[in-house]
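Q: here's my sequence, what's the structure:
(2 chains)
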Amino acid sequence: MAGFPIRGGVHPDERKLTSDITIMRVPTPERLYLPLKQHIGAPAKPCRVPGEIIYKGALIARGQGNVSAHIHAPCSGYVEDIIDWPAPHPSGLPTKAMVVVNDGREIREDASVPVNPFFLRPEVIAERVAQSGIVGLGGATFPAAVKLTLGQSHRTPVLIINGCECEPYLTCDDRLMQERTHDVLDGIRILAQALNGPEVIIAIEENKPQAIDLMHKAAAPYGNIRVMPVPTRYPMGSEKQLIEFVTGREVPAGRLSADVGVMLHNAATAYAVNRAVREGKPLTSRVVTVAGEAVIRPGNYEVPVGMLISDLLAFCGLKEEPARMIMGGPMMGQAIPHAGIPVTKGCNGVLALGAAEVKRRVEHPCIRCASCVDACPMGLSPLTMASLLKRDKLDAAVEIGLKDCILCGSCSFACPSGIPLAHYFNYGKGELVSTAQQKQKDDEIKRLIQGRQIRMQRQEKEREEAMARRKAEIAARKAAQALKEAAEEPSEDSGKEVA
Amino acid sequence: MIIPPSSPHIAGPNNVQMVMLLVLLALTPGTMFGIYQFGWPALFLFLITVGSAVLFEAVCLKIAGKPVFPFCMDFSALLTGWLLAMTLPPWSPWWIGVLGSFCAIVIGKHVFGGIGQNPFNPAMLARTILLVSFPLEMTTWIAPRPFGTPASMDMADGWSITASGIPNLDAVSSASVLGHVRTEIGMGHQLPDILVSMYDPVASAVGSISGSLGETSAILFLLGGLFLILKRIITWHIPVALLGSVAMLAGIFHLIDPMRYADPLFHLFSGGLMLGAFFIATDPVTSPVSSLGKLIFGAGCGVLLFIIRNWGGYPEGMAFAVLLMNAATPLIDHYIKPRIYGHQGSAAWRFFRRMKRG
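A: Next up is the predicted model:
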């Protein structure tokens, strides 16, 4: 079936050099650093104290609130400490992380009994997914169970499995689909079961013929599951674009994909769901593509969550000091300031790029060539938005669609003048968030101040009333006294007069 | 601490220098043919115009405190000078070229803040200033005298024409087709009679006619333009809308009164229409960014061109048409924008979408 055309997009050099390299398990290092926030939503709260002995797969931090995810121990050993550790963020600012020391014995916690997932009710599947701390493994890290519950309440007749992997370099989903085809497919079937049997479409970019072929064969016995090859074009793997391509529907601005009856899960998420629901194994490791010119042994590695990137790169070997290290793909991934940052659940790639791969471009003035307009998959005018943001006209930029920007970076990629357009939008969106937070804070302060004023006024009034009462009392007393005196005096006076 | 650069970490193959170079490449065949047609003076004028344009660019960059060499190496000034030279009468004196470059680069571009900031196409602005300031020099056309033919002149004579003007004007001058048609129509002659003596469709398309360098070989500029579309340097929208609207208007009026209005092919292959449609109106800086905006822009240029050619004060109106539409570009960009994903579009868009979905 041909898809519905999407707008814009670019064709970066694919560089998927690791698509034929078998997934390799990386030995768990001595220490793991598990940030408490590896997902969208509230950070998890530690439920083990430093010094406590834990087994592999044990719950060590509990998700908080409606949107959050549990964190489990990827090894057996003990919790050493809960410290501030650099987060996987360009700033490298520290966040709270649990340090787990590996005793190397791999003792598993007695996990829940393996079950046949196809005899489970949808809510139970969602519950087991939630218990396993699974988040969207494509990079968005939205808690998968929350999405499933949402899908159950919204009636989503279409489930799209995102196997596009449109970012250059990355091949981890490709390898998973090639090597563990049936596990991925079982995960997809479990997800379908959790959504009350929707129509399932597995979307895979045409540059992965083997994965398409294998998945197609595996899905053949199931009438409701089919594989759909999609054109190789960045950002085809973006949620909104893929939904449009597959279904022809657009997710209205500010709404969810569930509102148009579509649920989207990543292929790697499906694999994790299978392990979690079938075997009761929580999400403690993931497949990561390690690539880039600076790496000696690039490939796909099954890495325990919390392993430091420096440990991972030491395992893969470095030819040279990388010119730039990136967590994720080269289009949307984040450059990291140093390798002392742990692999998190959402990290699908670690790139150590050589100097030749990151050519620094001199920024030239915009010549209004409209390459960015043609490349934008969202139909925005990046050049206009960027020039407004340069002049700090945030409101005007929002008016022409800053909030609709998905930060895919197609505009920056296409720009012949080397203008970092996406960088401006990232900044603008950050400003929006901070102004919103500031506004919330201001409103809260205003509310408190108003409350205080009202309280003070009331107290003042009470005090005044009290004073008035006291005054009145005194006056009354005085008056009474005066009256009494007066009552006595006239008699004297009259007495005098009489006398 | 160094904050690492933000994504994306790779960049596409496009760069401004490459874009400009490809445009220059596409212009080269037509230009070489034009120079071949008009001999040494044309070559001298071309070199002077292009050279002075680059010189003015360097001076302006220096004054503005911008990096001179990297910005000069984007070839934009070279292209502006080149396009300007294409629109000048090939035997003009040297100072026309230098003054034109000054108007284009200094007044047309750097006064507004340099590359990307100019509201008007610099080459067209310069040509217009020259045309209204020096009407005689700017309308002195000569008949082609290709290199290697007996009529061509040697280098020294050629230089003396560029340096000190044409000695015996009446002996060499020749009206351009559009100018001639216009004069004759004004005198009450009928179009077919005029064209019989003067107009040869093949010569007009190939370019062995009098005119500026850019008004000669329509075919070569058409091919150059198609090359640019193929290379995705320009999109098809502006040229198609421009040529289409001219052809349509010409067709309608030709059907109404063939004695007075020429047929579409005459219009398409005469004057600087091909050069203008593919190389001048498509200047990204001064044209709209959206596809629909480009169509409107192109059609507007075409309509204005046709009006000026037939009823205006000048025989050829490419420069005026482009400048007027340049002025309308900010307005077009304000009102015509691509529809944003997930937002309601116009009624027309919704209809189209329903059709697409079936």
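Q: any idea which helix or strand comes after whichever strand or helix holds B:D193?
A: Using DSSP states H and E, B:D193 sits in helix B:191-198. Downstream of helix B:191-198, the first helix or strand assigned by DSSP H and E is helix B:201-206.
Q: run through the neighbouring helices and strands of that following helix.
A: helix B:218-230, helix B:264-269 (3 or more Cβ pairs under 8 Å, 6 or more residues apart in numbering or on different chains; DSSP states H and E). Bear in mind the C-beta positions are built from the backbone N, C-alpha and C, glycine included.
Q: what's the least confident stretch among those?
A: Per-stretch averages of pLDDT across the helices and strands packed on helix B:201-206 put helix B:264-269 at the bottom, with a mean of 89.
Q: and the contacts of the following helix or strand past that one?
A: As assigned by DSSP H and E, the chain's next helix or strand after helix B:264-269 is helix B:273-275. Contacts to helix B:273-275, defined as Cβ atoms under 8 Å, 6 or more residues apart in numbering or on different chains, come from residues B:30, B:86-87, B:214-215, B:218, B:221-222, B:225, B:242-243, B:246, B:267-268, B:305, B:318.
Q: how about stretch B:43-50?
A: By Cβ under 8 Å, 6+ apart, the residues outside stretch B:43-50 that reach it are B:31, B:35, B:78, B:81-82, B:84-85, B:88, B:90-92, B:94, B:96-98, B:100-101, B:158-159, B:162, B:213.
Q: also stretch A:84-97?
A: With contact meaning Cβ under 8 Å, 6+ apart, stretch A:84-97 is reached by A:33-37, A:43, A:82-83, A:99, A:327, A:334-338, A:340-342, A:344, A:347, B:1, B:3-4, B:6.
Q: confidence-wise, which helix or strand of chain A is lowest on average?
A: helix A:421-498 (a mean of 85; mean pLDDT, DSSP states H and E).
Q: thinking again about what came up before, what is the helix holding B:D193 packed up against?
A: Looks like helix B:191-198 contacts helix B:177-186 (3+ Cβ pairs under 8 Å, 6+ apart).
Q: dump the C-alpha coordinates for the helix it packs on into PDB.
A: What follows is helix B:177-186, C-alpha atoms only, in PDB (Å, rounded to 0.1, in the frame of the first residue of the first chain):
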ATOM      1  CA  VAL B 177      12.800  43.900 -32.400                       C
ATOM      2  CA  LEU B 178      10.600  44.900 -29.500                       C
ATOM      3  CA  GLY B 179      11.600  48.600 -29.800                       C
ATOM      4  CA  HIS B 180      11.100  48.600 -33.600                       C
ATOM      5  CA  VAL B 181       7.700  46.900 -33.300                       C
ATOM      6  CA  ARG B 182       6.700  49.400 -30.700                       C
ATOM      7  CA  THR B 183       7.700  52.400 -32.800                       C
ATOM      8  CA  GLU B 184       6.000  51.100 -35.900                       C
ATOM      9  CA  ILE B 185       2.800  50.300 -34.100                       C
ATOM     10  CA  GLY B 186       2.800  53.800 -32.700                       C
END
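Q: now narrow the contacts of helix B:273-275 to whatever sits close to chain A.
A: The subset of the contacts of helix B:273-275 within reach of chain A, by Cβ under 8 Å from any Cβ of the partner chain, is empty.
Q: close to chain A: what parts of the stretch 151-300 of chain B are there?
A: Contact residues (Cβ under 8 Å from any Cβ) of the stretch 151-300 of chain B with chain A: B:235, B:284-285, B:287, B:289-290.
Q: ok, and the most crowded of the residues you listed?
A: Neighbour count (other Cβ atoms under 10 Å in any protein chain shown) singles out B:S287 as the most crowded of those, with 27 neighbours.
Q: give me every residue that touches that residue.
A: A:368, B:238, B:281, B:293-294, B:297, B:325-326, B:329.
Q: so where is chain A shaky, pLDDT-wise?
A: For chain A, the stretches flagged by pLDDT under 70 are A:1, A:90-91, A:110-112, A:360, A:489-499.
Q: quick one: the helices in it, in order.
A: Per DSSP state H, chain A carries helices over the ranges A:122-131, A:144-154, A:172-179, A:181-194, A:209-219, A:239-247, A:267-279, A:309-316, A:371-375, A:382-390, A:394-399, A:410-414, A:421-498.
Q: now do the stretch 251-358 of chain B
A: Ranges of helices in the stretch 251-358 of chain B, per DSSP state H, counting those that start in this stretch, are B:264-269, B:273-275, B:291-311, B:318-335, B:347-357.
Q: with mean neighbour count and distance to A:L150 as added columns, please give those helices in TSV.
A: Output for the helices of the stretch 251-358 of chain B, formatted as TSV (neighbours: other Cβ atoms under 10 Å in any protein chain shown; distance: least, Cβ to Cβ, whole Å):
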stretch	mean neighbour count	distance to A:L150
helix B:264-269	20	59
helix B:273-275	30	58
helix B:291-311	22	37
helix B:318-335	20	39
helix B:347-357	10	26
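Q: got those as a markdown table, with distance to B:S208 columns?
A: As requested, those are exported to a markdown table (distance: least, Cβ to Cβ, whole Å):
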| stretch | distance to B:S208 |
| --- | --- |
| helix B:264-269 | 12 |
| helix B:273-275 | 15 |
| helix B:291-311 | 22 |
| helix B:318-335 | 21 |
| helix B:347-357 | 46 |
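Q: A:Q450 is nearest to which of those helices?
A: A:Q450 sits nearest to helix B:318-335 of all the helices of the stretch 251-358 of chain B, at 42.0 Å, using Cβ to Cβ.
Q: surely B:L130 touches B:G97?
A: No. B:L130 is beyond contact range of B:G97, at 9.6 Å (criterion: Cβ atoms under 8 Å).
Q: between the two, who's got more neighbours?
A: Set B:L130 next to B:G97 and count neighbours by other Cβ under 10 Å: B:G97 wins out with 27 against 24.
Q: quick one: that one is in a strand?
A: No. Secondary structure of B:G97 (DSSP: H, G, I helix; E, B strand; the rest coil): helix, not part of a strand.
Q: how far away is the closest residue to it other than its chain neighbours from B:T31?
A: In space, and not counting its chain neighbours, B:G97 is closest to B:T49: 3.7 Å by Cβ to Cβ, 6 or more residues apart in numbering or on different chains. Distance, B:T49 to B:T31, by Cβ to Cβ, to the nearest Å: 12 Å.
Q: of those two, which one has the most company?
A: Per other Cβ under 10 Å, whichever of B:T49 and B:T31 has more neighbours is B:T49, with 29 against 24.
Q: so what pLDDT did that one get?
A: Predicted confidence (pLDDT) for B:T49: 96.
Q: domain ranges for chain B?
A: If you go by automatic domain parsing, the domain ranges for chain B are B:14-175, B:217-336.
Q: quick one on the thing from earlier: B:Q190 is nearest to which of the helices of chain A?
A: Using Cβ to Cβ as the measure, helix A:371-375 is the one of the helices of chain A that comes nearest B:Q190, at 47.9 Å.
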